[in-house]
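Participant: Just a sequence and a predicted model for now, questions to come.
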Amino acid sequence: MDPKSVRYISECFVQPQHAPEESKQPFYLSPWDLAMLSVHHIQKGLLFTKPTPADEQENFIGGLLDRLKSSLSLTLVHFYPLSGRLSTRKEENPPTYLVFVDCNNSPGAKFIHAALDMTISDLLSPTYVPVVVQSFFDHDRALNHDGHTRPLLSIQVTELIDGVFIGCSLNHAIGDGTSFWNFFKAWSEIFQAQGNEARISQPPVHKRWFPDGYGPMINLPFTHQDEFVIRYEAPQLIERIFHFTSESIANIKARANSEYDTKKISSFQSLSALVWRSITRVRRLLPETTTSCRLAINNRSRMEPPLSPDYFGNAIQTVRGIATAGELQEHDLGWAAWKLHEAVVNHTDKKVRGFVDEWLQSPFIYQLGQFFDPLSVMMGSSPRFNKYGNEFGLGKAVALRSGYANKFDGKVSSYPGREGGGSIDLEVCLPEASMHALESDEEFMAAVTSSN
């Protein structure tokens, strides 16, 4: 099949149906938000089957786009920061470098209609995720700081021969994965209400968290963006989706707990340990090489008192287990899983506040090229988000895919399996040689149920 490219048909901007009073004030960012200014956007989307009959499809796509835009306008009333742009206020005396969201001087969120002459099967049947999927998202390679001139939210609806992909690119300095999926859920709820009184089940909490005595304005120790905005180009990678049934996950968990003689290791800690050991093994590192497995962790429930689950913004960090390549192979799965369990349970309110206090004393901006190393594994996203619960009059999505953003050697994103019930899909990014070695790794592939 000849390589196909996405055709861009139209684009427009969508404003909130009405401007909430609070949107008229500057929207200030927390330390967790500001630290994200030099990483990529969150790019996730859902693939749906196009309804039949075919002779109605022209009317179908026009009607779908209109409803998506009108429901998005209503959703942005609740999630008004996403309709704004970043702004920086700089002063010399006293030295000031303040980044915030301005909701008043922005055309709104971007909405793109595109098309691609490929089928759902063309996208899902290959062993590796086709590169064209990256074209289903706006903001390709953009950094969050680019939100000064680019929309903080961009939706791209790509029409396939027999399907529709709804891709969402959200500025990661405005929200984390929890915020992203809470927005997506609210949009789906409002869409399905079809113009009736649109209520959402989880209204966002916009009040940013700051430690006592700080905020809402956080001054950064910079004079120019070039001091902290560093572009990142990923190495040559291939992506594959590996599927684990709930039964397979249960077996991995049982094995890890049995080997360490405990009942405390979770399913996800067990699966992450399996991935960590397997990828480290196929990289053929020297035994004394230090490696780690990082887990993205939600701070909301870790804090005392806890933040609302509907807190809109960033409230994430990473925790990690550390071991040499030799130790990982000398010990069993349970040993590695316990390393990760300890990292998670030790991430307490004191740890969270300690991180923020240190950041406030010496603010820094995450850099993709420095923060992650090719000797480690990073487990991102979460199988806990009800990603397949988002429907737009098209039934349940057939697949979930992501864009170019925030990918590197050893990045693994975890999604719920489509059938639910505790099943998990892992999106694994590796160089070609490492991927082929992983596909030949007996321990890893014995746990994989299917893949695409």
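Facilitator: Arrived safely, thanks for sending.
Participant: ok, which stretches of the stretch 101-250 of the chain are helices?
Facilitator: Applying DSSP state H, counting those that start in this stretch to the stretch 101-250 of the chain gives helices spanning 120-124, 177-193, 246-260.
Participant: Please identify the most buried of these.
Facilitator: helix 177-193 (a mean of 22; mean count of other Cβ atoms under 10 Å). Where you see a C-beta, it was placed from the backbone N, CA and C, and this is true even at glycine.
Participant: Flag the shaky bits of the stretch 251-400 of the chain, pLDDT-wise.
Facilitator: For the stretch 251-400 of the chain, the stretches with pLDDT under 70 are 371.
Participant: for this structure, longest helix please?
Facilitator: The single longest helix within the chain, with elements called by DSSP state H, is helix 57-78.
Participant: mind listing the strands for the stretch 201-350 of the chain?
Facilitator: For the stretch 201-350 of the chain, applying DSSP state E, counting those that start in this stretch gives strands covering 238-244, 290-298, 316-324.
Participant: right, and the helices of the stretch 101-250 of the chain - which one's nearest Met378?
Facilitator: Proximity to Met378 (Cβ to Cβ) singles out helix 177-193 among the helices of the stretch 101-250 of the chain, at 13.3 Å.
Participant: which strands and helices sit next to that closest one?
Facilitator: strand 42-49, helix 57-78, strand 163-170 (3 or more Cβ pairs under 8 Å, 6 or more residues apart in numbering; DSSP states H and E).
Participant: Asn251 contacts Ala447, doesn't it?
Facilitator: Yes. The criterion here is Cβ atoms under 8 Å, and Asn251 meets it with Ala447 at 7.4 Å.
Participant: circling back: now render the helices of the stretch 101-250 of the chain as JSON lines, adding distance to Leu153.
Facilitator: Below are the helices of the stretch 101-250 of the chain laid out as JSON lines (distance: least, Cβ to Cβ, whole Å):
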{"stretch": "helix 120-124", "distance to Leu153": "24"}
{"stretch": "helix 177-193", "distance to Leu153": "8"}
{"stretch": "helix 246-260", "distance to Leu153": "33"}
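Participant: what's the spacing between stretch 384-392 and its chain's center?
Facilitator: Offset of stretch 384-392 from its chain centre (Cα atoms, centre = their mean, to the nearest Å): 14 Å.
Participant: repeat for stretch 263-270
Facilitator: Between the centre of stretch 263-270 and the centre of its chain there are 22 Å (Cα atoms, centre = their mean).
Participant: Could you tell me the end-to-end distance of it?
Facilitator: 11 Å (Cα to Cα, to the nearest Å).
Participant: neighbouring contacts of it?
Facilitator: Residues outside stretch 263-270 that contact it (Cβ atoms under 8 Å, 6 or more residues apart in numbering): 249-250, 252-253, 255-257, 295, 333-334, 337-338, 340-341, 344, 379, 383, 414, 422, 424.
Participant: what's the answer for stretch 199-212, then?
Facilitator: 22, 27-31, 33, 75, 78-81, 179, 182-183, 185-186, 189-190, 193, 215-216, 218, 303, 307-313, 315, 353, 356-357, 360.
Participant: I'd like the average pLDDT over it.
Facilitator: Mean per-residue pLDDT for stretch 199-212: 94.
Participant: With stretch 231-246 instead?
Facilitator: 94.
Participant: With stretch 21-34 instead?
Facilitator: Here the average pLDDT along stretch 21-34 is 96.
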